[in-house]
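>>> Got a predicted model here, sequence first, then my questions.
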Amino acid sequence: MSDRVPEHNFYRRLKEVLDLNFLYPMTKPYYGSSGQKSIDPVVFFKLCLVGYLENIISDRHLIQHSSMRLDFLYFLGYDIDEELPWHSTISRTRQLYPESIFEEVFTRVLRLCVEKGMVSGHTQAIDSAPIKANASMDSLELKVPKEDLETHLHHIRHISKIDKKKLQ
């Protein structure tokens, strides 16, 4: 499998720098010793990470998508002919852990990525969409003295016209 995933692939690099062995003692209290074998906590959290990074919110879709990507399989430690866990197992395991476990794992994974130079914090991205305001002018609190309101509104309308011209 290693031969099929390029050296510069993000998930190959992530696998090399991400040591999640701290998960075993952290999650041990949530696993029993009898019954069917449970999903490995490292595999579970790696799947959660893939879902987060790939913006996949459905466990069913996550498993289907992961089974088709060699880099995901390599990151998870699976061979091409190995079956991934059932999507319902992912859902049940997610309910098993308290929120504090997820927060601690997120914090530690982020710290590991920063320490290994995978996250530098020099780039920001903002996602937004213009939405028409649905507010009444009567409900607005005046931030200017009432006698200066017309002058202020004239100034704001002028700025708005300039902005609209820039967009055209």
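Thanks, I have it.
>>> Outline the domain layout of this protein.
If you go by automatic domain parsing, the domain ranges for the chain are 2-115, 143-167.
>>> for those, which one ends up most surrounded?
Most buried of those, by mean neighbour count (mean count of other Cβ atoms under 10 Å): domain 2-115, with a mean of 14. Every residue, glycine included, has its C-beta placed from N, CA and C.
>>> picking that back up, quick one: closest of the domains of the chain to residue 130.
With Cβ to Cβ as the criterion, residue 130 lies closest to domain 143-167 of these, at 10.2 Å.
>>> Now for the protein, the helix or strand with the poorest mean pLDDT.
Every helix and strand in the chain was compared by mean pLDDT, DSSP states H and E; the lowest is helix 149-167, with a mean of 73.
>>> Least reliable of the domains of the chain by average pLDDT, please.
Here the domains of the chain differ in mean pLDDT, and the lowest is domain 143-167 at a mean of 72.
>>> which residues sit in contact with residue 18?
109, 112-113 (Cβ atoms under 8 Å, 6 or more residues apart in numbering).
>>> thinking again about what came up before, would you turn the domains of the chain into JSON lines with distance to residue 126?
Listed next are these as JSON lines, based on distance: least, Cβ to Cβ, whole Å:
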{"stretch": "domain 2-115", "distance to residue 126": "16"}
{"stretch": "domain 143-167", "distance to residue 126": "18"}
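>>> Tell me the spacing between residue 4 and residue 81.
The gap separating residue 4 from residue 81 is 13 Å, by Cβ to Cβ, to the nearest Å.
>>> got it, and residue 95?
Plainly put, residue 95 is 30 Å away from residue 81 if you go by Cβ to Cβ.
>>> Over to residue 49?
Distance from residue 49 to residue 81, by Cβ to Cβ: 23 Å.
>>> Restricting to C-alpha, output the least confident helix or strand of the chain in CSV.
Output in CSV follows, covering the C-alpha atoms of helix 149-167 (Å, rounded to 0.1, in the frame of the first residue of the first chain):
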residue,chain,number,x,y,z
LEU,A,149,-28.8,61.6,12.4
GLU,A,150,-29.6,63.0,9.0
THR,A,151,-26.0,64.0,8.4
HIS,A,152,-24.9,60.5,9.6
LEU,A,153,-27.4,58.7,7.3
HIS,A,154,-26.4,60.9,4.3
HIS,A,155,-22.7,59.9,5.0
ILE,A,156,-23.6,56.2,5.3
ARG,A,157,-25.7,56.2,2.0
HIS,A,158,-22.8,57.9,0.2
ILE,A,159,-20.4,55.2,1.4
SER,A,160,-22.9,52.5,0.4
LYS,A,161,-23.1,54.0,-3.2
ILE,A,162,-19.3,54.0,-3.5
ASP,A,163,-19.2,50.3,-2.4
LYS,A,164,-21.9,49.4,-4.9
LYS,A,165,-19.9,51.1,-7.7
LYS,A,166,-16.8,49.1,-6.7
LEU,A,167,-18.8,45.8,-7.0
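>>> That'll do, ta.
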